[in-house]
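>>> Any chance you could fold what I've pasted below:
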Amino acid sequence: MDLVRDVLDKQLVDRHGTKMGRVDGIVVELRPGRPPEVIALETGPLTLARRIAGRFATWMARLATWAGGAQYVEPCRIPWKRVSRIEIDIGVDADVADTPLGKRQAWLREHIVARIPGSQR
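The predicted model follows:
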């Protein structure tokens, strides 16, 4: 398997088929004398910003803190052992509502999207 081609930037879906976001990063553990081991997938704007540019990630973190979402700045890590399938999208054996991603989506819906005119339709 080619991790970059088969995993990075793919859609994450929970056990019910609900979209959870995209894979923005892959966490690999490096230990002396052992092969690298994938331990988690990361998703979130800060992980994506780090891939683009380090200064952009710092700016994103400050913006999130200013907007009152400091608790949502850290990337959400999904343990590799929770990945159930890798196809067109990546299946995760979890409910989006029970993950930090669900809490982030609720916060965005309540504090950002709800203030956009016409979003309550």
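
>>> Can you report how many residues lie near Asp93?
13 (other Cβ atoms under 10 Å). Quick note: C-beta positions are derived from backbone N, CA and C, even for glycine.

>>> The residue nearest to it when sequence neighbours are not counted: how many residues sit nearby?
Of all residues not flanking Asp93 in the chain, Ser84 sits nearest, at 4.6 Å (Cβ to Cβ, 6 or more residues apart in numbering). Neighbourhood size, Ser84 [other Cβ under 10 Å]: 13.

>>> which ones are touching Val7?
Going by Cβ atoms under 8 Å, 6 or more residues apart in numbering, Val7 touches Met1, Val23, Ile26, Leu41, Ile86, Ile90.

>>> Do you have the strands of this structure handy? List them.
Taking DSSP state E as the criterion, the chain carries its strands at 11-13, 19-22, 25-29, 37-43, 76-79, 83-86, 90-92.

>>> Paired strands for the fourth one, with orientation please.
Looking at strand 37-43 with DSSP bridges, its paired strands and their directions are strand 25-29 (antiparallel), strand 76-79 (antiparallel).

>>> Identify all contacting residues around the shortest one.
So the one you mean is strand 76-79. Outside of strand 76-79, the residues within contact range by Cβ under 8 Å, 6+ apart are 12, 21, 27, 39-44, 92, 94, 99-101, 104.

>>> Mean pLDDT, distance to Ala61 and mean neighbour count for the strands paired with strand 37-43 - can I get that in CSV?
What follows is the strands paired with strand 37-43, written out as CSV (pLDDT from 0 to 100; distance: least, Cβ to Cβ, whole Å; neighbours: other Cβ atoms under 10 Å):
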stretch, mean pLDDT, distance to Ala61, mean neighbour count
strand 25-29, 94, 15, 15
strand 76-79, 91, 15, 19
